[in-house]
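Engineer: Any chance you could fold what I've pasted below:
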Amino acid sequence: MKDLWNWFWTSSNRLFFAGVLFIAGVVAWGSFNTFMEYTNRMDFCISCHEMEENVYADYKRTIHFQNGSGVRASCSDCHVPKEWGAKLVRKIKASRELVSTMTGKISTPEKFEEHRFEMAQNVWREMRANGSRECKNCHSYEAMHADKQSKRAQKAMNEAATTDVACIDCHKGIAHRLPRFDKVYEKWAVDVKKAVAANSLSASKAFVAASVNIHLEQNEASAVLAQVNPLSELEVLEKSGAWAKVKLNAWGRDDSFKLYAKAGPQYDVAMLESVEFDVVKQAEQRVDEETGLTWHKATLEGWVKYAGKLSDDSVVIKDYARKLWEADCGLCHTIYKTTGYSARDWTKHMKSMSFYSTLDNDQLILVLKFLQSQSSDVMAKK
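Structural biologist: Numbers count the residues shown, from 1 in each chain. I've put the predicted structure just below:
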């Protein structure tokens, strides 16, 4: 052992050993990089049947696979960074996907479809976070020929270039088939209905999950005093079987049958239905400085058949509304801040965009009330 130690520490042997280590390091480094590049190849990406039978089949039908110019974008062009460090991080993250293969999570077309939305969301989130870096390796705002774009495209691209918007915010589903959003929304609706139905309404406050009528008496045949919008807050006075006596605290105007959450913002929480009864109690009055309108604080009491309609947990309802908004509106453009618009402006936006939405009317109302509840003017008055 001593002889070996002495041999190693002689000058010539140290240089020889260092040379061996250097060559071994170069070979190891080169092998590692060669393997990383090999995993970028198309044939490697589709070597498992989950990819070949699903996303690759989608991709072959798109312009990124076949087009007039003969330029093809491979899997790695869109999903793997060019920079070595970012590429290594992406490869490490991709290793987690092996778990889904080994466990059979997406082993059949049916299972793949079940998780398509979740997987798409993960990819979109990453592409949004990096500013669609891989897209911009081929596409750049500077290289675009505006005269060859439609007027609508010119306007959109000019706005996008100003703030360097991530491409994925507006261009989803161009290389792979979009998830069945209607099926996703249907599942979310079932989940939230189950959660609301299971709620015992034990707190003194309740939140409306879906539009509900306030009746004069605990009888569905009795007069409807008001229809209350989703996410409106009600005070629970008492419960009797399937019915709850509630109080709505709001603000009203003499020129409107609507009741509002705050004095000023156009965030309506209810619509009075019956004018036969003096059901609204008026108290404090306030003049809005901007509009000159006189508002009065109002309360309304009545009975609600609450099962599946009211919940003392507002989080589950708000989360459902938020997910609908982000998924449906985020399909075509970036998600704006809720406080970026007033309650009235959100009404205008929702009305103009409803034509493009896949949400049903009840879902659109829920999303609108969610946005209005967090709008700039409503939040300013909290």
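Engineer: For my notes, confirm Val236 occurs in a strand.
Structural biologist: Yes: assessed with DSSP: H, G, I helix; E, B strand; the rest coil, Val236 lies in a strand.
Engineer: Distance-wise, check it relative to Leu310.
Structural biologist: Between Val236 and Leu310 the distance is 8 Å, computed by C-beta to C-beta, to the nearest Å. All C-beta atoms are positioned from the backbone trio N, CA, C, and that covers glycine.
Engineer: now do Ala283
Structural biologist: Counting by C-beta to C-beta, the gap from Ala283 to Leu310 is 25 Å.
Engineer: Which of these two has more residues huddled nearby?
Structural biologist: Regarding Ala283 and Leu310, a neighbour count based on other C-beta atoms under 10 Å identifies Leu310 as having more, with 25 against 9.
Engineer: Next, the contact list for the more buried one, please.
Structural biologist: Contact analysis of Leu310 by C-beta atoms under 8 Å, 6 or more residues apart in numbering lists Val196, Asn199, Leu201, Ala206, Phe207, Val208, Ala209, Val212, Leu234, Ala244, Val246, Val304.
Engineer: What are the phi and psi values at it?
Structural biologist: The phi/psi pair for Leu310 (degrees, to the nearest 10) reads phi -120, psi 150.
Engineer: ok, now the one 3 residues further on?
Structural biologist: Phi and psi for Asp313, reported as degrees, to the nearest 10, are phi -110, psi 100.
Engineer: one step back: what's the overlap in contacts for Val236 and Leu310?
Structural biologist: Contacts common to Val236 and Leu310, judged by C-beta under 8 Å, 6+ apart, are Leu201, Ala206, Ala244, Val246.
Engineer: just curious, which of those is nearest to Cys167?
Structural biologist: Nearest to Cys167 among these, counting by C-beta to C-beta, is Ala206 at 43.4 Å.
Engineer: name the element the closest one belongs to?
Structural biologist: strand 205-208 (DSSP states H and E).
Engineer: Show me what that strand is packed up against.
Structural biologist: With contacts defined as 3 or more C-beta pairs under 8 Å, 6 or more residues apart in numbering; DSSP states H and E, strand 205-208 has these neighbours: strand 233-240, strand 310-311, helix 314-329.
Engineer: about what we covered before: report the two of the contacts of Leu310 separated the most.
Structural biologist: Greatest spatial distance in those: Val196 and Val246, 15.3 Å, computed using C-beta to C-beta.
Engineer: of those two, who's got more company?
Structural biologist: Val246 (26 against 23).
Engineer: distance of Gly340 from Gly131?
Structural biologist: 20 Å.
Engineer: Which positions within stretch 189-199 qualify as buried?
Structural biologist: Of all the residues in stretch 189-199, those buried under the rule 16 or more other C-beta atoms under 10 Å are Ala189, Val192, Ala195, Val196, Asn199.
Engineer: Show me what that stretch is in contact with.
Structural biologist: Ala209, Ala307, Gly308, Lys309, Leu310, Ser311, Asp312, Asp313, Val316, Ile317, Tyr320, Gln363.
Engineer: Go ahead and confirm the first one touches Asp313.
Structural biologist: No: with contact taken as C-beta atoms under 8 Å, Ala209 and Asp313 are classed as non-touching, separated by 9.6 Å.
Engineer: Please read off the pLDDT at Ala94 from the model.
Structural biologist: Here, the pLDDT recorded for Ala94 equals 80.
Engineer: Give me the neighbour count for it.
Structural biologist: The tally of other residues near Ala94 (other C-beta under 10 Å) stands at 13.
Engineer: Which residue is the nearest non-sequential neighbour of Glu52?
Structural biologist: Closest residue to Glu52 apart from its sequence neighbours, by C-beta to C-beta, 6 or more residues apart in numbering: Ile46 at 4.3 Å.
Engineer: name the helices or strands packed onto the longest strand seen in the chain?
Structural biologist: For the chain, the longest strand by residue count, based on DSSP state E, is strand 294-305. In terms of contacts (3+ C-beta pairs under 8 Å, 6+ apart), strand 294-305 is packed against strand 212-215, strand 224-228, strand 243-252, strand 258-260, strand 280-287.
Engineer: export those strands to JSON lines and tack on mean pLDDT?
Structural biologist: Output for those, formatted as JSON lines (pLDDT from 0 to 100):
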{"stretch": "strand 212-215", "mean pLDDT": "94"}
{"stretch": "strand 224-228", "mean pLDDT": "92"}
{"stretch": "strand 243-252", "mean pLDDT": "92"}
{"stretch": "strand 258-260", "mean pLDDT": "91"}
{"stretch": "strand 280-287", "mean pLDDT": "77"}
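Engineer: For Ala161, find the nearest of those strands.
Structural biologist: strand 258-260 (39.8 Å).
Engineer: Would you mark the buried spots in the strand holding Ala206?
Structural biologist: Residues of strand 205-208 classed as buried by neighbour count (16+ other C-beta under 10 Å): Ala206, Phe207, Val208.
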